[in-house]
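[1] Attaching a predicted model along with its sequence, questions to come.
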Amino acid sequence: MKYLIINADDFGYSDIFNAKILELIERGLVSSTTVMVNYITTEQTNKSKNFLR
């Protein structure tokens, strides 16, 4: 079986990057992300916990 992994780089880069990456994950268009830990709001941290395994 083959899988396609679509990764969104730079979660944590800015508020707008974070919001759009979370939106793409919720819509099922992105299956993973890499994190830049310099800018994640508390609200986005809590929301992203829903996607952590």
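    Now that the structure is in, tell me what you want to look at. Numbering: from 1, shown residues only.
[2] all contacts plus neighbour counts: C-alpha atoms, from now on.
    Noted.
[3] Where does pLDDT dip in this structure?
    By pLDDT under 70, the low-scoring segments of the chain are 38-39, 52-53.
[4] where exactly do the helices run in the protein?
    15-26, 42-48 (DSSP state H).
[5] Columns mean neighbour count on top of those helices, output as a markdown table?
    What follows is the helices of the chain, written out as a markdown table (neighbours: other Cα atoms under 10 Å):
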| stretch | mean neighbour count |
| --- | --- |
| helix 15-26 | 16 |
| helix 42-48 | 12 |
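[6] Can I get these in a markdown table including distance to residue 35?
    Putting the helices of the chain into a markdown table (distance: least, Cα to Cα, whole Å) gives the following:
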| stretch | distance to residue 35 |
| --- | --- |
| helix 15-26 | 10 |
| helix 42-48 | 11 |
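[7] Out of these, which is closest to residue 36?
    Closest of the helices of the chain to residue 36 is helix 15-26, at 10.1 Å (criterion: Cα to Cα).
[8] what about the helices of the chain, which gets the closest to residue 34?
    Among those, helix 15-26 comes nearest to residue 34, with 10.3 Å by Cα to Cα.
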